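Novice: Here is my input; please provide its structure:
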Amino acid sequence: MPGGRLTQEERRHISLGLADGLAYAEIARQLDRPTSTITREVMRNGGPTAYRADLAHRATERRAHRRGQTTSRGVEAVPQAYGRDAEAVREYEEVFTTVIMASGMPKMMSRVMACLTLADTGSLTAAELVQRLQVSPASVSKAIAFLEEQGLARRERDERRRERYVVDDDIWYESMMASARSTAQVVEVARQGVGVLGPGTPAATRLENVARFLDFVSESTARAAEQARAILHAKPATTSGGAADAGADHGQDAPHR
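Specialist: Below is the predicted model of the structure:
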């Protein structure tokens, strides 16, 4: 029934729909479910290419069991601001974590990254992360070290001299730029290999193609990151009448209302 937990039969229907290439919205319509329900179900259970109905059903039962154990131990849920539904936030955080993991990041690092990103402050202390994620301080420390190395988090001190871990817009920019620089290093080494293997040889030609492709990707990534930061951080221009002209700086007409 809409609004209740998905049944095993519904999960099989989702699996068949994905195999047929159906969009989440179409599967949701067939099951008389919200599209968000189908999206969460698929993304928290391996994504569209790895979703398996029986595995998803067992995983959901295990999660429900763990939540029951947590409740019985008296662990309090994180208070939610702005009238948010705590259960919906928790489910979304699981989906967001799964998506980050699908990009190749380890599970604990993904959990910490998601937790920091979804915090309204954009920053949390080690103690707050331990409390929210119910993990050991050592696990948090290891995850933060990884995220810092990848340019995805930074440390700062608050007014009480506590160390806080921060995720903000500049972090994503710096991460993209770091990725572009890393790719550029691969380009440089690949081109060195062309000289070593002999220009025109099959292996050298392959390396040259790799270098050309990644060089384009690296430059495009850096350029897109620069443009995005410039646009998103730019303050809207103000017309003589005092109204903001959102399209003035980019050669676009302001939308008519």
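Novice: Can you give me the buried ones in stretch 214-233?
Specialist: 214-215, 217-218, 221-222, 225, 229 (16 or more other Cβ atoms under 10 Å). For glycine as for every other residue, the C-beta is placed from the backbone atoms N, C-alpha and C.
Novice: can you list those residues in TSV and add distance to residue 163, pLDDT and secondary structure?
Specialist: TSV is the format used below for the buried residues of stretch 214-233 (distance: Cβ to Cβ, whole Å; pLDDT from 0 to 100; DSSP: H, G, I helix; E, B strand; the rest coil):
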residue	distance to residue 163	pLDDT	secondary structure
214	37	96	helix
215	39	96	helix
217	35	95	helix
218	33	95	helix
221	31	94	helix
222	31	94	helix
225	28	93	helix
229	26	91	helix
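Novice: nearest to residue 86, of these?
Specialist: residue 229 (33.5 Å; Cβ to Cβ).
Novice: What's the separation between the closest one and residue 147?
Specialist: Distance check for residue 229 against residue 147: by Cβ to Cβ, to the nearest Å, it reads 20 Å.
Novice: what's the domain layout of the protein?
Specialist: 8-71, 87-167, 170-233 (automatic domain parsing).
Novice: Would you mind giving those domains as CSV with distance to residue 80 added?
Specialist: Shown next, in CSV, are these (distance: least, Cβ to Cβ, whole Å):
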stretch, distance to residue 80
domain 8-71, 16
domain 87-167, 6
domain 170-233, 24
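Novice: Of all these, which one is nearest residue 81?
Specialist: domain 87-167 (6.2 Å).
Novice: how far out from the middle of the chain is the closest one?
Specialist: 12 Å (Cα atoms, centre = their mean, to the nearest Å).
Novice: and that domain, average pLDDT?
Specialist: Average pLDDT, domain 87-167: 90.
Novice: tell me how far the ends of that domain are from each other?
Specialist: One end of domain 87-167 sits 23 Å from the other (Cα to Cα, to the nearest Å).
Novice: ok, residues contacting stretch 193-208?
Specialist: Stretch 193-208 is contacted by residues 190-191, 211 when judged by Cβ atoms under 8 Å, 6 or more residues apart in numbering.
Novice: one more time with 6 Å
Specialist: Here stretch 193-208 makes contact (Cβ atoms under 6 Å, 6 or more residues apart in numbering) with residue 190.
Novice: coming back round to it: and which of the buried residues of stretch 214-233 is nearest to residue 15?
Specialist: Once Cβ to Cβ is applied, the member of the buried residues of stretch 214-233 that ends up nearest residue 15 is residue 217, at 34.0 Å.
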